[in-house]
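Undergrad: Kindly return the folded structure for what I paste below:
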Amino acid sequence: MSKDAKNVPALRFKGYSDAWEKRKLTELSKNKIGGGTPSTKVLDFWNGKLPWLQSSDINESNNYSVKPQKFISLQALKHSAAKRVPANSIAVVTRVGVGKLALIEYDYSTSQDFLSFSSLNWSALFSVNLLTLIMTQMSRESQGTSIKGVTKSELLAKKVRIPISLKEQEKLGILMKSINDLIAATQDKIDALEQAKKALLQHLFDQSWRFKGYSDPWEKRCLSDVLKVNSGRDYKHLSAGTVPVYGTGGYMLSVNKALSNQDAIGIGRKGTIDRPYLLNAPFWTVDTLFYLTMKAAAEITFVFPLLQRIHWKKLDESTGVPSLSKRVIETLSVYVPDKKEQQTIGNLFFFLDQLIAATQSRLSSLELLKKSLLQGLFI
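TA: As a prediction, the model looks like this:
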């Protein structure tokens, strides 16, 4: 690699070819503002209108939208170490929650766990992504040590390369924000779908909502009337193959023999007992995971959301590692409709789960794209 190649990013907008120049991070802004926490014993300090940012307010996947939960008063500014930070500053968490940061579009105040870059000399949208890379690197370098944060001097002494053209900075920043906005919108869609599923689970299974054409009362049954509880087994005597082996945490590896050739629902016997999930045949399960197969009167697409409504942790029989027994599962009482209504309800939840999974896959792809662009567009 030539000397000049090290001074330009791997990806570049057309029309830009000048080498990026090395700068100290202290040149990013005219003001670097720390924080201070007003006394929590003085209630008047905490009934004002100035947003008070906490590390927990900042979402690591969204550097542009922060919704503060607390607000302080002008009195708090006068009688404590708290400072007003002007709008369009970048707030960086340097202690508790180190690495989180965001571009804040309104005036705010923070604790001593933050350092804010104000009156920026470089493009704000470019700078927030540059700082994301820097804080990711510094967090990675501190792994395995006793370091729980970064100091102001360590951060400001960092040397970075930037494009001198403000237009190039802006283009980079706008592109990254558009990706971030897509990520945020996709996460919002997932949240909305999950809320819709939660509402449907409640109203369809307590029968306050019914599909048109169904009016027969649901029958009270033990789960043993609906399904069979099967035990997992050790797989270590088996050879490598194409049949997936599952544990309470999900897929583990693949072997050459199946324990079941019938679709089922996996639920933890020990450990994680509150996360049932679908198992597509053929499969094998380990001894910490029960697999539940359906009896003739039951539809698996209906039983799966039915089981998701049960508070399994309340049925824990242990005093240590959470545990379930066959007896506890089989003797649970549930209400079930006839098989046709089960199919109708099950098809709805199957479609909804597929939609949620597809949207989550899109989110993962966008997050991977963001990571790749950060690595390719910045030095």
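
Undergrad: Okay, strands next: where are they in the stretch 51-200 of the chain?
TA: Taking DSSP state E, counting those that start in this stretch as the test, the strands found in the stretch 51-200 of the chain are 70-72, 89-93, 101-104, 109-110, 114-120, 159-162.

Undergrad: Can you say which of the ones you listed is packed in most?
TA: Of all the strands of the stretch 51-200 of the chain, strand 109-110 carries the top mean neighbour count, a mean of 28, counting by mean count of other CB atoms under 10 Å. C-beta coordinates here come from the backbone N, C-alpha and C atoms, glycine included.

Undergrad: pLDDT (mean, whole number) over that one?
TA: The pLDDT scores in strand 109-110 average 96.

Undergrad: where does the stretch 101-250 of the chain have low pLDDT?
TA: Applying pLDDT under 70 to the stretch 101-250 of the chain picks out residues 142-148.

Undergrad: Go through the strands of the stretch 51-200 of the chain and name the closest to Glu21.
TA: Shortest distance between Glu21 and the strands of the stretch 51-200 of the chain, using CB to CB, is found for strand 159-162: 6.5 Å.

Undergrad: Quick one: the helices in the stretch 151-300 of the chain, in order.
TA: Ranges of helices in the stretch 151-300 of the chain, per DSSP state H, counting those that start in this stretch, are 152-156, 166-205, 223-226, 300-308.

Undergrad: what's the most buried one of the ones you listed?
TA: Highest mean neighbour count among these (mean count of other CB under 10 Å): helix 300-308, a mean of 22.

Undergrad: Show me what the residue nearest to Tyr277 when sequence neighbours are not counted is bridged to.
TA: Once flanking residues are discounted, Tyr277 sits nearest to Gly266: 5.4 Å by CB to CB, 6 or more residues apart in numbering. Residues in a beta bridge with Gly266, per DSSP bridges, are Tyr277, Tyr291.

Undergrad: Could you pull up the residues touching Gly266?
TA: 246, 248, 276-279, 285, 289-292 (CB atoms under 8 Å, 6 or more residues apart in numbering).

Undergrad: Run a quick neighbour tally on Tyr235.
TA: 20 (other CB atoms under 10 Å).

Undergrad: and of the strands of the stretch 51-200 of the chain, who's closest to Cys222?
TA: That would be strand 70-72 among the strands of the stretch 51-200 of the chain, by CB to CB, at 49.4 Å.

Undergrad: Residues in contact with that closest one: which ones?
TA: 38, 45-52, 54, 82, 109.

Undergrad: Most neighbours among those, which one?
TA: Going by other CB under 10 Å, Ser109 tops those with 27 neighbours.

Undergrad: So that one sits against Leu53, correct?
TA: Yes. Here Ser109 lies in contact with Leu53, judged by CB atoms under 8 Å, at a distance of 7.3 Å.

Undergrad: so what's in contact with those two at the same time?
TA: Contacts common to Ser109 and Leu53, judged by CB under 8 Å, 6+ apart, are absent.

Undergrad: Please name the nearest non-neighbouring residue to Ile174.
TA: Closest to Ile174 by CB to CB, 6+ apart is Leu125, at 6.1 Å.

Undergrad: Test my guess that that neighbour contacts Leu103.
TA: Yes. Applying CB under 8 Å, one finds Leu125 in contact with Leu103, separated by 7.3 Å.

Undergrad: before we move on, back to that, take the helices of the stretch 151-300 of the chain and lay them out in a markdown table including distance to Asn88.
TA: Converted to a markdown table, the helices of the stretch 151-300 of the chain look like this (distance: least, CB to CB, whole Å):
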| stretch | distance to Asn88 |
| --- | --- |
| helix 152-156 | 19 |
| helix 166-205 | 13 |
| helix 223-226 | 58 |
| helix 300-308 | 44 |
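
Undergrad: which stretch among the ones you listed comes nearest Thr132?
TA: helix 166-205 (8.8 Å).

Undergrad: Spell out the residue ranges of the strands in the stretch 251-379 of the chain.
TA: Counting by DSSP E, counting those that start in this stretch, the strands of the stretch 251-379 of the chain are 264-268, 277-279, 284-285, 289-294, 333-336.

Undergrad: Out of those strands, which is the most enclosed?
TA: Highest mean neighbour count among the strands of the stretch 251-379 of the chain (mean count of other CB under 10 Å): strand 284-285, with a mean of 26.

Undergrad: What pairs with that one, parallel or antiparallel?
TA: Strand pairing for strand 284-285, using DSSP bridges, gives strand 240-247 (parallel).

Undergrad: and the angle from the strand it pairs with to strand 289-294?
TA: 90 degrees (axes from the mean of the first three to the mean of the last three CA atoms, to 10 degrees).

Undergrad: Name the residues of strand 240-247 that are buried.
TA: For strand 240-247, the neighbour count (16 or more other CB atoms under 10 Å) marks 243-247 as buried.

Undergrad: List the contacts of Gln360.
TA: Contacts of Gln360 by CB under 8 Å, 6+ apart are Ile190.

Undergrad: For Gln195, see how far away it is.
TA: Computed as CB to CB, to the nearest Å, the Gln360 to Gln195 distance reads 15 Å.

Undergrad: Ile379 now?
TA: 42 Å.

Undergrad: Could you do Gly15 as well?
TA: 45 Å.

Undergrad: for Gly271, same thing?
TA: 28 Å.
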